[in-house]
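Peer 1: Sequence first, predicted model second:
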Amino acid sequence: MSEADVGARLRAIRLRLGLSQRELARRAGIANATVSLIESNSVNPSVGALKRILDCVPMSLAEFFAMAAGPAAKIFYRTTELTEIGQGAISFRQVGSDLAGRALQMLTERYEVGADTGKIMLRHEAEEAGIVTRGRLEVTVGTDRMVLGPGDAYYFNSREPHRFRNVGKEPCELISACTPPTV
């Protein structure tokens, strides 16, 4: 069993349960950074540390190591293979359908005229970046706000409250990335 298998398996389990790294760490009584380092394969956890994490899931070490590692990761995607995860006036087309074990979420986004992510600001454990390819998008992060046009970009810590809104007279399109994925 390689270190990469441990990190990918732990991440897959955490995502399947809908837990953030912070929540898993809190439940296990360890530092959030420890979960992050294990999942990124920067450290190889001791058996005791891994057992402590799995006890709060709950899952035995035997179950953890018996989990199928999964098929080889797909590399190339045709436009018809992108997975729609948006709804209504906002379309999010994601590269890949299963992001378990992945560190990055890549999207093509489309906001119809007037589309908005909502008055309640978004917040999650990640960093995100994007480049507008068409239209005009108002991006609000905390108290900062700017209208971006084609070629303009953003990059911010997603723990900050944020919101997106199409303020143009045509649909707005962009390419964005989020790490870790926010599924």
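Peer 2: Looks like it arrived, so ask away. Numbers count the residues shown, from 1 in each chain.

Peer 1: can you list the weak-confidence ranges in the protein?
Peer 2: 1-4, 67-73, 100-101, 183 (pLDDT under 70).

Peer 1: quick one: the strands in it?
Peer 2: Secondary structure of the chain by DSSP state E: the strands cover 83-84, 90-94, 105-111, 127-134, 137-141, 144-148, 153-157, 162-166, 172-179.

Peer 1: Looking at those, which is nearest to I120?
Peer 2: The closest of these to I120 is strand 162-166. By C-beta to C-beta, the value is 8.4 Å. For every residue, glycine as well, the C-beta is placed using N, CA and C.

Peer 1: which other helices and strands contact that closest one?
Peer 2: Counting contacts by 3 or more C-beta pairs under 8 Å, 6 or more residues apart in numbering; DSSP states H and E, strand 162-166 is packed against strand 105-111, strand 137-141.

Peer 1: try it again with 10 Å
Peer 2: Packing partners of strand 162-166 (3 or more C-beta pairs under 10 Å, 6 or more residues apart in numbering; DSSP states H and E): strand 105-111, strand 137-141, strand 144-148, strand 153-157, strand 172-179.

Peer 1: The first one vs strand 162-166, what angle?
Peer 2: Counting by axes from the mean of the first three to the mean of the last three C-alpha atoms, to 10 degrees, strand 105-111 points 40 degrees away from the direction of strand 162-166.
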